[in-house]
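Chemist: following is a predicted model, sequence given first.
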Amino acid sequence: MSNVTWHDTFLQKEDYRRSHGHYSAVLWFTGLSGSGKSSIANAVSKLLHEKGIHASLLDGDNLRHGLNNDLGFSAEDRTENIRRTGEVAKLFVDHGLFCITAFISPYQEDRQRVRALLPQNEFIEVFVDAPLDVCEQRDPKGLYKKARAGQIPSFTGISAPYEAPEKAEIVINTALKSIEDSAKQIIAYLEDKGYIHSEKKAERSWEIQT
Ligand SMILES: Nc1ncnc2c1ncn2[C@@H]1O[C@H](COP(=O)(O)OS(=O)(=O)O)[C@@H](OP(=O)(O)O)[C@H]1O
Ligand SMILES: Nc1ncnc2c1ncn2[C@@H]1O[C@H](COP(=O)(O)OP(=O)(O)O)[C@@H](O)[C@H]1O
């Protein structure tokens, strides 16, 4: 890029990780609308918080209210949505936090591009797998009903594609598993692989001196 220079920073990812006392990585949730991404992502962020682990949560619906509010649901806009989100997620990881993202992210190539942004082991793909008919039955926001009535164009699973991951690190079938058990499965994965420690961190409090 012309006339733009990268500035090195004094603090590096390892410094942040050391001060936080844990590793950092992206937990990239992908799945159909209504599959359970937001519910499970929220449950995971709460469990991590209770363990004293720093984690941010980026939800597709929420980012579309701000950073991504210029984007719609064409294939091009979804690609840009995932590109921007991937860059933000990388910033969090570079600052020593876990970053949980909950986006449909329907295209394999878009997810692969985010994976390639990060070193190996720092991108954990979580396939929130539920059959379309289960998602449609849940229809928590009434969107499938609208899509079937032709009121929402390019709706994922109905009139726009969803490309399921072939090699996700974690697969959760939410037709068979509760939100709580799904969140526990993800925490168990992080513990098994050594991303976080299993023992509970002691309660800490800060006294701010003025
Ligand atoms: N056409 C169409 N297709 C799919 N989803 C739609 C659409 N229009 C609006 N919505 C609502 O937008 C949420 C999905 O936003 P994302 O940013 O996750 O989508 S994407 O990753 O860019 O495909 C999605 O949220 P979730 O239900 O949480 O997945 C819907 O609430
Ligand atoms: N086992 C389950 N896992 C996840 N969500 C479930 C489950 N059973 C029922 N639900 C419900 O399905 C809906 C999923 O919605 P949400 O979490 O917003 O999904 P998404 O973010 O993928 O659109 C919620 O209303 C949730 O309570």
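Modeler: Structure received. Ligands and ions are numbered 1, 2, ... in the order given.
Chemist: which residues touch stretch 100-107?
Modeler: 26-33, 37-38, 41, 44-45, 55-60, 75, 78-79, 81-82, 85, 89, 111, 156, 160-163 (C-beta atoms under 8 Å, 6 or more residues apart in numbering). Heads up, the C-betas are built off the backbone N, CA and C, glycines and all.
Chemist: near ligand 1, which residues of the protein?
Modeler: 33-34, 37-38, 60-61, 64, 73, 78, 81-82, 103-106, 141, 143, 152, 154-156 (C-beta under 6 Å from any ligand atom).
Chemist: buried ones among those residues?
Modeler: Buried members of the residues of the chain next to ligand 1, scored by 16 or more other C-beta atoms under 10 Å, are 33-34, 37-38, 60, 64, 73, 78, 81-82, 103-106, 143, 152, 155-156.
Chemist: quick one: which of these sit in helices?
Modeler: By the criterion of DSSP state H, membership of those in helices covers 37-38, 60, 78, 81-82, 143.
Chemist: mind listing the helices for the chain?
Modeler: 13-20, 37-50, 60-63, 75-94, 108-117, 132-138, 143-148, 179-192.
Chemist: go ahead and confirm H22 touches Y195.
Modeler: Yes. Judged on C-beta atoms under 8 Å, H22 makes contact with Y195 at a distance of 7.3 Å.
Chemist: what sits against whichever residue of the chain sits closest to ligand 2?
Modeler: Residue of the chain nearest ligand 2, by C-beta to the nearest ligand atom: G36 (2.6 Å). Counting by C-beta under 8 Å, 6+ apart, G36 makes contact with 128, 130, 172, 174, 179, 182.
Chemist: show the model's pLDDT score for the residue nearest to the third one when sequence neighbours are not counted.
Modeler: Right, the one you point to is I172. Leaving aside its sequence neighbours, I172 sits nearest to S182 (C-beta to C-beta, 6 or more residues apart in numbering; 4.7 Å). S182 carries a pLDDT score of 98 in this model.
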